[in-house]
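Novice: no sequence on this one, just coordinates:
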């Protein structure tokens, strides 16, 4: 088997054994969901309902006139009880529609259509995906319809099944359990973008997914399964393109400029369902896990479910000395309270004990051990960057190419002095952006 | 369930590796245990006494200087103790204790703490301390008589009267067998008692990934090739003097060696060339120490010329066809 990868990167223990064999199951529907009005990158949405309205599962409740925007939908049937700012998993608050579930109403989505994507035109497929509010579900949250309706000639569709972050297994389970939907979704997207070949990149720590999908496509030329080395951040877009196609991804280039469109496997399946059944993005698969979690698993969670509900359903009683992370352990967000809801781009809810987690309590000077430089997947010098950022030496940080940083977290993970390098970088980047804008 | 109770909140990434500076320093000290034990076996109380003197001085100097400079104590990172041990191993066991203590004081106080503490020093502190003592040699006579009341009589050890193998090499004297010299031959500094023990420690550090193999290999390889070309027995050159200790423990010091692999090769080869020049061209003592210190000064320049381009830097390469990724295995 030929295994591909990129240069650099880190081998981080992947802790996937808690959930990698757990079939996808449904989490209970919460009494109240908080649906943030805008869960995508792009123009903000306006609410389409008002307080007191009755809504059904899958009903569109927020949208925008802009092209780069994705509507949001009710994830339970019930009554809108508030439209107000509510906590957001990345911190702060965001305008949200709060819906109280009505137990007398049907809480399951009822498909209104069933159509074959082959009978639909490209435009109809793209419109259906937009209407369903599909966004990048690997974490990026970029509206999928905008991504697949570009005019540029694209030769390859790359499906991202690397799932390189530790703990996460939601993409893995979807590939294993729904290979046919994934392939049908891939065909549909290839048609939309005019790609001749689809590559499904999967890290080799998911042999069952590679085997099942390879079996499904063994007689076809147009879809290829690409085994990837288990290395973080293999699932980063630029590194996936580099590993699979050998193409370099210069700064500022969009993947379409390189003849590629990259989509997450979960997004592809969601897009397929959106077209076939008109099923909007009102729920998603979330990996709920941690070494001490009584009931870890890959759960289908309604969008807007408070993190506290997810944590409780996984059997976690005591959160003393725990860190609750939404997303992956390398790039996700630690939660200060558990009021924030799960949104479309959230891959995981992790409950990690103190022994395991990094804390920003104490750090020391850089000892130039070179570990961060050896492993930086963007070939930067995190040692120099961290010193420059720590002391607010903005132009020095810029001269060390800090703007190319993808914030993958390897440097801070590996640092023997415990330096919060990514935190430093995140603080300095907006300053540099301001500086660059003023120069123009 | 209270939703905020006891939650830990800090920035990403949320995982940490199990490596810390103090663990690494402890591992380096552990890697020096074999050669220290060999030295203690040969030189007995002399070795023990000198090592203890240097370790105590290291700890006291570190605490004193951090206090004077109003900084948090950092004794727990073990770097000061490691420097103390390295300084001791660079001296012959019969060296007066105050010379070892003075060298350690200079190493920790001047070369490390006055430069800004661990991470900011340009020169390897242990070597800086050791080499300073050579420059201070004219003061030793008055100092020695002044401090004679403080000297400690440790009796005699019979193995210590031999000449150092390197001096014997340079003077063309009859040499002991290679394997004896490699494994077990007292003479010169304590660390020179067994190149094998130093090598074992160095390999342990490579195995634990605290150091990379590049610098030791470039130094030893360069010395081997150049001495072979110069008509010397390269095997004798490799196992005598401070070469092993320098290649595995001094030149690989995190703080004072280049960051990049390319830089490490330039650094190692240059040290090798200087060592051969000092040994064959000048017949100087402490050639390894001088070579490493000189190259320490060139590290910023090496870093400048070996800087690599960002992954996202535009490259003047056309887009290859699909299927041309980077295969790592078949």
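Specialist: Received the coordinates, thanks. Predicted, not measured: the structure shown is a model, and the values here were computed from it.

Novice: distance of the residue of chain B found nearest chain A from residue B:75?
Specialist: As assessed by Cβ to the nearest Cβ, chain A sits closest to residue B:13 within chain B, at 3.1 Å. Backbone N, C-alpha and C define where each C-beta goes, glycine included. Note on residue B:13: its distance to residue B:75, by Cβ to Cβ, to the nearest Å, is 29 Å.

Novice: who's more crowded, those two?
Specialist: Using other Cβ atoms under 10 Å in any protein chain shown as the criterion, residue B:13 and residue B:75 rank with residue B:13 on top: 30 against 15.

Novice: for the stretch 151-300 of chain B, which segments count as strands?
Specialist: In the stretch 151-300 of chain B, no segments count as strands under DSSP state E, counting those that start in this stretch.

Novice: and it, which of its residues are near chain A?
Specialist: Residues of the stretch 151-300 of chain B lying close to chain A (Cβ under 8 Å from any Cβ of the partner chain) are B:212, B:254-255, B:257, B:259-260.

Novice: 6 Å instead, please
Specialist: Residues of the stretch 151-300 of chain B lying close to chain A (Cβ under 6 Å from any Cβ of the partner chain) are B:254-255, B:259.

Novice: hey, which helix is longest across chain A?
Specialist: Secondary structure of chain A per DSSP state H: the longest helix is helix A:421-439.

Novice: what's next to that one, contact-wise?
Specialist: Contact with helix A:421-439 is made by A:382, A:386, A:389-390, A:394, A:397-398, A:402, A:405, A:407, A:409, A:411-412, B:11, as judged by Cβ atoms under 6 Å, 6 or more residues apart in numbering or on different chains.

Novice: next helix or strand past the host helix or strand of residue A:226?
Specialist: Element membership for residue A:226, per DSSP states H and E: strand A:223-228. Downstream of strand A:223-228, the first helix or strand assigned by DSSP H and E is helix A:237-245.

Novice: is whichever helix or strand comes after that following helix in proximity to chain B?
Specialist: Counting by DSSP H and E, the next helix or strand C-terminal to helix A:237-245 is strand A:260-264. No. Using Cβ under 6 Å from any Cβ, strand A:260-264 stays clear of chain B, with a minimum separation of 9.1 Å.

Novice: who does strand A:260-264 pair up with?
Specialist: Strand pairing for strand A:260-264, using DSSP bridges, gives strand A:156-161 (parallel).

Novice: what angle separates the helix or strand following the partner strand from strand A:156-161?
Specialist: Next helix or strand after strand A:156-161 toward the C-terminus (DSSP H and E): helix A:170-177. Helix A:170-177 runs at 100 degrees relative to strand A:156-161, counting by axes from the mean of the first three to the mean of the last three Cα atoms, to 10 degrees.

Novice: give me the distance between the following helix or strand past helix A:170-177 and the centre of its chain.
Specialist: For helix A:170-177, the succeeding helix or strand toward the C-terminus, using DSSP H and E, is helix A:179-193. Centre-to-centre, helix A:179-193 and its host chain are 19 Å apart (Cα atoms, centre = their mean, to the nearest Å).

Novice: the helix or strand just after helix A:179-193 to helix A:170-177, inter-axis angle?
Specialist: Counting by DSSP H and E, the element after helix A:179-193 in chain order, helix or strand, is strand A:197-203. In terms of direction (the same axes, to 10 degrees), strand A:197-203 departs from helix A:170-177 by 120 degrees.

Novice: tell me the strands beside strand A:197-203, with direction?
Specialist: Paired neighbours of strand A:197-203 in the sheet (DSSP bridges): strand A:156-161 (parallel), strand A:223-228 (parallel).

Novice: tell me the buried residues in whichever helix or strand comes after it?
Specialist: Going down the chain from strand A:197-203, the next helix or strand is helix A:207-216, by DSSP H and E. Using 16 or more other Cβ atoms under 10 Å in any protein chain shown as the test for burial, helix A:207-216 gives A:209-210, A:212-214.

Novice: do stretch B:255-270 as well
Specialist: B:255-260, B:263-270.

Novice: swap in stretch B:265-284?
Specialist: Buried residues in stretch B:265-284, counted by 16+ other Cβ under 10 Å: B:265-276, B:278-280.

Novice: next up, the contacts around the nearest residue to residue A:268 once chain neighbours are set aside.
Specialist: Nearest residue to residue A:268, sequence neighbours excluded (Cβ to Cβ, 6 or more residues apart in numbering or on different chains): residue A:185, at 4.0 Å. Contact partners of residue A:185, counting by Cβ under 6 Å, 6+ apart, are A:268-269, A:271-272.

Novice: turn these into a markdown table, columns for secondary structure and pLDDT.
Specialist: Converted to a markdown table, these look like this (DSSP: H, G, I helix; E, B strand; the rest coil; pLDDT from 0 to 100):
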| residue | secondary structure | pLDDT |
| --- | --- | --- |
| A:268 | helix | 95 |
| A:269 | helix | 95 |
| A:271 | helix | 94 |
| A:272 | helix | 94 |
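
Novice: now those residues in JSON lines, with neighbour count and distance to residue B:70?
Specialist: Listed next are these as JSON lines, based on neighbours: other Cβ atoms under 10 Å in any protein chain shown; distance: Cβ to Cβ, whole Å:
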{"residue": "A:268", "neighbour count": "29", "distance to residue B:70": "59"}
{"residue": "A:269", "neighbour count": "25", "distance to residue B:70": "60"}
{"residue": "A:271", "neighbour count": "29", "distance to residue B:70": "61"}
{"residue": "A:272", "neighbour count": "26", "distance to residue B:70": "64"}
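
Novice: run a quick neighbour tally on the spatially closest residue to residue B:78 that is not a sequence neighbour.
Specialist: Using Cβ to Cβ, 6+ apart and skipping the chain neighbours, the partner closest in space to residue B:78 is residue B:25 (3.7 Å). Residue B:25: 23 surrounding residues under other Cβ under 10 Å.

Novice: right, I'll call it a day here.
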